[in-house]
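Engineer: Just to be clear, the model below is a prediction. Sequence and coordinates:
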Amino acid sequence: MGNTGGFDSLNPFVLKGTPPWQLRFLAYESLMGRNWDEPFSLYGLLAESVEVGPNREWVEFTLRPEARFSDGNPVTVEDVMWSYDILGQRGHPRYLGFAQKVESIEKTGPRSLRITFNTADRELALIAGMRPILKKAQWADRDFGASTLDDIPIGTAPYVVTDYEQGRYVTLGRDRDYWGRGLPFRRGTNNLDEIRIEFFADESVLFEAFKSGALTAYRESNAEKWAAQYDFPAVQRGDVVKSEIPHERPSGISGYAMNTRNRLFDDWRVREAMLLAFNFDYINGTVTGGRQQRITSYFSNSELAMRHGPARGDVRAFLAPFADDMPPGALEGYSLPKGDGTARNRNNLRKAARLLREAGWRIEEGRLVDDDGQPFVFEILLRQGDATAQSVFEIYRAALARLGIDVVISAVDNAQFSQREAQLDFDMIPIRRSLSLSPGNEQRLYWGSEGAQRPGTRNLMGVTSEAVDTLIDKLVNARDRADFVAAARALDRALMAGRYVIPIWTSSVDRIAHSKTLKYPENIPVYGDRIGWMPDAWWHEE
């Protein structure tokens, strides 16, 4: 497999450093494991049983007696309790939200523990089952939050790190003594003896490495490239197979997030102007050949997506208390601007210019300036080698120049990008948030007010909205399907009306080019190619 950029850490649980993203999913386990063919169902993994209170105000897990770390030591209740504690105190900020909702963790037996919550939140019992479990004794004399390449957390998963060279590769080998090989949950998975992650300077070099046979699998997100650039010799010989994997998951949001902490983007009218200037039809035609449809909302392509037109029924009732505080469109209905089909997109640029004037900007000597004469200049932060984003912004920059706006395109290496993203040091940045058929507490991480200003937050846009926070609460505490769907559709409306992201495109299939010796099951899960399917369910067959 191939990654772009580099890495300077093998600990995926802390804010410091840049680890290979795959490690969290290949080398570590939780008390329970997720099945990707259901919206949100967990099955026992390290835990052999689970109980919950009548209102899910507590959850109790009993460990399997055979559960072992990769060094052969048994997983104990003390390891589990320490893992929850250290992740909440010294782990990445993504673990903080759960930790703050835990009232107590107590040992209830030789192999059991109970977690009691201080917040009414029916999803917490499930989230508790998904925290990674690490070995307490490994960190007795070490600083967990300041780990280096020498500090590789010991896990319980089928794969362990066997070799690495900083910035070049990480090799994971299948643990021959893996404790859970016979579990029904694990049957048919983790079939590959070795997974090696190679690192390349940028995406174009990575693709060339795949074409030459240095890599055995490559995920392709660009439909135009899939159609036009996969005729190289290995494909012609049949050594490389192009597989399209269907799925039924929501589109999520992909595009470019505007940092509302920045005074440039704290006004919804400016954000709407940025959306108007983004000539999607022309850009999509140029970059993807028009083969991919646009994301129309955060949950588009699913039952959870907002319906167009005015809000009705429960959706309207959920939004009504915030009518005076939300940007226009949440209750009345909001749709992304459509271009006029021309490269210059004059109609939308005129609308954008009008909104910018209303927001206090004016043209002076060809440049857009504020009342103090300060020009409208912003930076788009990109990963080095992201050729698609570079192409998009070269087109977009020309449109913004006609409005008097200057754009600086900064392409930086992986380490710099991760650091600046974590420190919220950007004006605009690519964003990708995959959303499930059972959205819940992760929505707080993505767009909840709490922690929006904290370094490492996943809320890149800096959303601080009482409506959004309240709707997330309704989502996680819904007690029937109708309330759940209504809360999701209302949340979708609030986020779209906020105009925080310039959405780009999505697809109803996942595209993977791979060696003909790599095989996968005929039955495709509802989530398609999501984490836990490739490479987990794949195998090698000559």
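Structural biologist: On my side now, so go ahead.

Engineer: Let's verify G528: helix, strand, or coil?
Structural biologist: coil (DSSP: H, G, I helix; E, B strand; the rest coil).

Engineer: and the nearest residue to it once chain neighbours are set aside, what pLDDT?
Structural biologist: Counting by CB to CB, 6 or more residues apart in numbering, G528 lies nearest to H247, which is 2.6 Å off, once chain neighbours are set aside. (Each C-beta comes from the backbone N, C-alpha and C, glycine too.) With respect to pLDDT, H247 has a value of 92.

Engineer: mind listing what R493 touches?
Structural biologist: Taking CB atoms under 8 Å, 6 or more residues apart in numbering as the contact definition, R493 lies against 306, 311, 315, 319, 329-331, 334.

Engineer: mind running it again at 10 Å?
Structural biologist: 297-298, 305-307, 311, 315-316, 318-319, 326, 329-334, 467, 471 (CB atoms under 10 Å, 6 or more residues apart in numbering).

Engineer: Next, find the distance separating it from I431.
Structural biologist: R493 sits 19 Å away from I431, taking CB to CB, to the nearest Å as the criterion.

Engineer: And N73, by the same measure?
Structural biologist: Using CB to CB, we find N73 at a distance of 40 Å from I431.

Engineer: the more surrounded of the two?
Structural biologist: Neighbour comparison, N73 and I431: the larger count goes to I431, with 21 against 14 (by other CB atoms under 10 Å).

Engineer: pretty sure that one is touching I253, no?
Structural biologist: Yes - with contact defined as CB atoms under 10 Å, I431 counts as touching I253 (6.6 Å).

Engineer: Now do the shared contacts for the two.
Structural biologist: Common neighbours of I431 and I253 are listed as 446, 461, 500-501, 503 (criterion: CB under 10 Å, 6+ apart).

Engineer: Of the residues you listed, which is the nearest to S41?
Structural biologist: Taking CB to CB as the measure, Y446 is the one of the shared contacts of I431 and I253 closest to S41, at 21.8 Å.

Engineer: and the helix or strand containing that closest one, what does it pack onto?
Structural biologist: Element membership of Y446, judged by DSSP states H and E, is helix 442-447. Helices and strands touching helix 442-447, by 3 or more CB pairs under 10 Å, 6 or more residues apart in numbering; DSSP states H and E, are helix 96-99, strand 428-433, helix 466-476, helix 481-498.

Engineer: wait, which of the ones you listed is closest to L349?
Structural biologist: strand 428-433 (18.4 Å).

Engineer: Okay, buried residues for that closest one please.
Structural biologist: The neighbour-count check on strand 428-433 (16 or more other CB atoms under 10 Å) flags 428-431, 433 as buried.

Engineer: And the residues you listed, which is closest to Q229?
Structural biologist: For those, the nearest to Q229 is P430 (21.4 Å; CB to CB).

Engineer: ok, so what distance separates the closest one from R397?
Structural biologist: Per CB to CB, P430 is found 15 Å from R397.

Engineer: same deal with R346?
Structural biologist: For R346, the distance to R397 - CB to CB - is 17 Å.

Engineer: can you pull out the strands in the stretch 251-400 of the chain?
Structural biologist: Taking DSSP state E, counting those that start in this stretch as the test, the strands found in the stretch 251-400 of the chain are 253-258, 293-294, 362-364, 367-369, 377-383.

Engineer: Nearest to Y164, out of those strands?
Structural biologist: Taking these one by one with CB to CB, strand 377-383 is closest: 21.4 Å.

Engineer: residue contacts, the residue nearest in space to the middle of the chain?
Structural biologist: Nearest to the mean C-alpha position of the chain, by CA atoms, centre = their mean, lies R433 at 3.7 Å. Contacts for R433 (CB under 10 Å, 6+ apart) come out as 252-255, 257, 298, 442-443, 445-447, 458, 460, 501.

Engineer: before we move on, the earlier item: tell me the most buried of the strands of the stretch 251-400 of the chain?
Structural biologist: strand 253-258 (a mean of 23; mean count of other CB atoms under 10 Å).

Engineer: Quick check: can you name the pairing partners of that strand and their directions?
Structural biologist: strand 428-433 (antiparallel), strand 501-503 (antiparallel) (DSSP bridges).

Engineer: just how off-centre is it within its chain?
Structural biologist: How far strand 253-258 lies from its chain's middle: 11 Å, per CA atoms, centre = their mean, to the nearest Å.

Engineer: contacting residues around L471?
Structural biologist: 315, 318-319, 322, 443, 465, 486-495.

Engineer: Need the pLDDT of it.
Structural biologist: 97.

Engineer: gap between it and G329?
Structural biologist: Taking CB to CB, one finds L471 at 15 Å from G329.

Engineer: go on, L172?
Structural biologist: Separation of L172 from G329 (CB to CB): 47 Å.

Engineer: got it, and E394?
Structural biologist: On the measure of CB to CB, E394 and G329 end up 30 Å apart.

Engineer: quick one, which of those two is more surrounded?
Structural biologist: G329 (17 against 14).

Engineer: could you measure the more buried one against S297, distance?
Structural biologist: 11 Å.

Engineer: where do the contact lists of these two overlap?
Structural biologist: 335, 493, 496.

Engineer: Distance to P65 and pLDDT added to the residues you listed, as TSV?
Structural biologist: Formatted as TSV, these follow (distance: CB to CB, whole Å; pLDDT from 0 to 100):
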residue	distance to P65	pLDDT
S335	57	95
R493	49	98
M496	50	98
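
Engineer: And the helices in the stretch 51-200 of the chain, which stretches?
Structural biologist: Assigned by DSSP state H, counting those that start in this stretch, the stretch 51-200 of the chain shows helices spanning 77-90, 96-99, 124-128.

Engineer: List the buried residues for the first one?
Structural biologist: Buried residues in helix 77-90, counting neighbours by 16+ other CB under 10 Å, are found at 77, 79-84, 86-88, 90.

Engineer: Now that helix - C-alpha only, CSV.
Structural biologist: Output in CSV follows, covering the C-alpha atoms of helix 77-90 (Å, rounded to 0.1, in the frame of the first residue of the first chain):
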residue,chain,number,x,y,z
VAL,A,77,-9.3,-5.1,33.7
GLU,A,78,-6.5,-2.8,34.9
ASP,A,79,-5.2,-2.4,31.3
VAL,A,80,-8.7,-1.5,30.1
MET,A,81,-9.3,1.0,32.9
TRP,A,82,-5.8,2.6,32.3
SER,A,83,-6.5,2.8,28.6
TYR,A,84,-9.7,4.8,29.1
ASP,A,85,-7.9,7.1,31.6
ILE,A,86,-4.7,7.8,29.7
LEU,A,87,-6.6,8.4,26.4
GLY,A,88,-8.8,10.9,28.2
GLN,A,89,-5.9,12.7,29.8
ARG,A,90,-3.0,12.4,27.4
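
Engineer: who does that helix touch, helix- and strand-wise?
Structural biologist: Against helix 77-90 (3+ CB pairs under 10 Å, 6+ apart) you get strand 58-63, helix 96-99, strand 102-109, strand 112-117.

Engineer: E421: which element?
Structural biologist: With DSSP H and E as criterion, E421 is part of helix 414-422.
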